[in-house]
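*Asks:* Structure here, sequence nowhere to be found:
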């Protein structure tokens, strides 16, 4: 099954200041701030929703096609993704902008000063899907993840025009888009991914009820935080799947991306919605136990053992013929 993943590709630059920002702020002078903080630590992490989802699919044994826009500084990141099973040949490289970057400094009170540089991400709107399909074959599903909003709308329009099944995953861009844009983004989607809050925001902004949204999408998948995930389809009862137990909770960043990767892997393997949710939840658990969105490692045997412990031996038996983790 050919899975194409469109979405943001970025790096996170995370720094730690051993002190308090508040000690350097002068009352009455906040309109003239000019400060510099000596940081103790710097972590550079690979990220971006599109890249995170593609990475997860690659770790499960698929060969997803990543679509997005980056700068000339993408070479090391490209090598990392390729080593983890991601096809990056359709990533657009800007001639003038750097890869998108999130730069954040956190003090001892957990206050943060941050900036987000969109950079090359704005050029994603120039990407057409048809040449990609000509290279790799007609996609079985195109995930349209959070990216430059014009790019997201272009991708869904092209999917409808060319008849490519697509999954809408508006995520953080829901807050930025208006109701008409969101309606255009999700109408006709084979899958709609949101969390609980985003599901309510989608209904509020579009003016569509939950039933009306189900009339316009094939499958609605809503993550429920620690309560798991719910799958709704027209004409049938909802399917609710709980979360596996975590060994530890290290960092929740990227958990939703991993769930989507696991769910789409299940779709590619022809599994039921329940099994798709279970694979997604199991992969998400690996992410929450690890600092960083792409720092987890999958072992075939361990993944199946945990899947069986959480959801039963039948679940592991259904997944085993398809799963191809990097480690045995």
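*Replies:* Happy to help now that I have it. All of these numbers come straight from a predicted model, not from anything done at the bench.
*Asks:* tell me which element residue 193 falls in.
*Replies:* Assessed by DSSP states H and E, residue 193 sits inside strand 191-195.
*Asks:* Quick one: list the elements packing against the next helix or strand after that strand.
*Replies:* Once strand 191-195 ends, the next helix or strand along the chain (criterion: DSSP H and E) is helix 196-206. Contact here means 3 or more CB pairs under 8 Å, 6 or more residues apart in numbering; DSSP states H and E; on that basis helix 196-206 packs against helix 179-186, helix 210-216, strand 219-223. Every C-beta, even on glycine, is put in place using the N, C-alpha and C of the backbone.
*Asks:* if you compare those, which one is most tucked away?
*Replies:* Between the helices and strands packed on helix 196-206, strand 219-223 has the highest mean count of neighbours, a mean of 23, where neighbours are mean count of other CB atoms under 10 Å.
*Asks:* which strands and helices sit next to that strand?
*Replies:* Counting by 3+ CB pairs under 8 Å, 6+ apart, strand 219-223 packs on strand 191-195, helix 196-206, helix 210-216, strand 229-233, helix 255-268.
*Asks:* for residue 67, phi and psi?
*Replies:* Backbone geometry at residue 67, expressed as degrees, to the nearest 10, gives phi -130, psi 120.
*Asks:* Verify the contact between residue 97 and residue 123 for me.
*Replies:* Yes: Residue 97 lies in contact with residue 123 (CB atoms under 8 Å); the separation is 6.9 Å.
*Asks:* correct me, but residue 12 touches residue 100?
*Replies:* No: Residue 12 is beyond contact range of residue 100, at 9.9 Å (criterion: CB under 8 Å).
*Asks:* ok, those two, which is more surrounded?
*Replies:* In this view residue 12 and residue 100 are compared by other CB atoms under 10 Å, and residue 100 has more residues nearby, 26 against 20.
*Asks:* Could you report the distance from the closest residue to the more buried one other than its chain neighbours to residue 294?
*Replies:* When the adjacent residues along the chain are set aside, residue 100 lies closest to residue 10, with 3.9 Å between them (CB to CB, 6 or more residues apart in numbering). Look at residue 10 and residue 294: by CB to CB, to the nearest Å, they are 12 Å apart.
*Asks:* Quick check: neighbours shared by those two?
*Replies:* Common contacts of residue 10 and residue 294, defined by CB atoms under 8 Å, 6 or more residues apart in numbering, comprise 47, 51.
*Asks:* Can you show me the helices along the stretch 1-150 of the chain?
*Replies:* Under the criterion DSSP state H, counting those that start in this stretch, the stretch 1-150 of the chain contains helices at 49-59, 75-83, 130-136, 149-162.
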